[in-house]
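following is a predicted model, sequence given first.
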Amino acid sequence: MSQSLTNFADLLRSAKKSAVHLELRDVYSVENEDEGFRAWRAGNRLDPTDRSSWWRPWLDLVQEVTANGVSVKRARIISEPLSEYIRYEHSFTFTNVAGGEEVRWLPRRRASDLLLPGNDFWLFDGRIVQFNIFDGDGRWVHTDQNDDPSVARFCATAFDAVWERAIPHEVYSPAE
């Protein structure tokens, strides 16, 4: 990559028009490493009326970026019935939406004929891709940034295809 922005917040802040995120996994960490997941399993839920308890500093960053006119979209391809971890994510996604993200869910069975990359990614302004690499247990390993126009086009096409089929968060009701 010719100009690497290694800090994710700086990369997101550098977006002028759009930042889109495609998530492909059903688990993103093992339960012993995710404090929020452990609390959720114990019955704790985020209070929609208590914004100070939400996912910070992420939501502050999204609010900052969207206030500057950047569209932030997240699409999740998920297996049904949902994994316990995805049920956890669904339970707090209202905070992402309140922060300014548009979020959609695509049941995996509806994605079988789509051409998708092998890893989750963020695409900034349709030109810089950041792939998020995870191990088999869902632990983040590292990121790979790429500004090759053909890779960016592939990711944009994949995201658009998923987005078109996916169900808005406000409408999606998880199958148990």
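Structure received.

can you show me the helices along this protein?
In the chain, the segments counted as helices under DSSP state H are 8-14, 35-41, 58-67, 84-99, 149-165.

what mean pLDDT does stretch 104-119 get?
Averaging pLDDT along stretch 104-119 gives 98.

surely Ser91 touches Gly43?
No: judged on C-beta atoms under 8 Å, Ser91 makes no contact with Gly43 at a distance of 11.2 Å. Where you see a C-beta, it was placed from the backbone N, CA and C, and this is true even at glycine.

hmm, back to that, can you add mean neighbour count and give the helices of the chain back as TSV?
Formatted as TSV, the helices of the chain follow (neighbours: other C-beta atoms under 10 Å):
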stretch	mean neighbour count
helix 8-14	15
helix 35-41	14
helix 58-67	16
helix 84-99	18
helix 149-165	16
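
rank the ones you listed by pLDDT, which is bottom?
Going by mean pLDDT, the lowest-scoring of the helices of the chain is helix 35-41, which has a mean of 88.

then that helix to CSV, C-alphas only?
What follows is helix 35-41 as a C-alpha-only set of coordinates in CSV (Å, rounded to 0.1, in the frame of the first residue of the first chain):
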residue,chain,number,x,y,z
GLU,A,35,-16.0,-9.1,29.0
GLY,A,36,-19.2,-7.7,27.4
PHE,A,37,-20.1,-11.2,26.1
ARG,A,38,-19.6,-12.7,29.5
ALA,A,39,-21.8,-10.0,31.1
TRP,A,40,-24.5,-10.6,28.5
ARG,A,41,-24.4,-14.4,29.1
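
now it, how far from the centre of its chain.
19 Å (C-alpha atoms, centre = their mean, to the nearest Å).

next: stretch 89-105.
Here stretch 89-105 is found 9 Å from its chain centre; the criterion is C-alpha atoms, centre = their mean.

what do you get for stretch 165-172?
Computed by C-alpha atoms, centre = their mean, the chain-centroid distance of stretch 165-172 equals 14 Å.

residues in contact with that stretch?
Residues outside stretch 165-172 that contact it (C-beta atoms under 8 Å, 6 or more residues apart in numbering): 75-76, 90, 93-94, 96-97, 102-106, 110-111, 114.

flag every buried residue along that stretch.
The neighbour-count check on stretch 165-172 (16 or more other C-beta atoms under 10 Å) flags 166, 169, 172 as buried.

measure it end to end?
12 Å (C-alpha to C-alpha, to the nearest Å).

ok, now stretch 57-73?
18 Å.

ok now stretch 162-176, how far from the chain's centre?
Mean-position distance between stretch 162-176 and its chain equals 14 Å (C-alpha atoms, centre = their mean).

can you pull the phi/psi pair for the residue nearest to Phe92 when sequence neighbours are not counted?
Closest residue to Phe92 apart from its sequence neighbours, by C-beta to C-beta, 6 or more residues apart in numbering: Leu46 at 5.0 Å. Leu46 adopts backbone torsions of phi -70, psi 140, taken as degrees, to the nearest 10.
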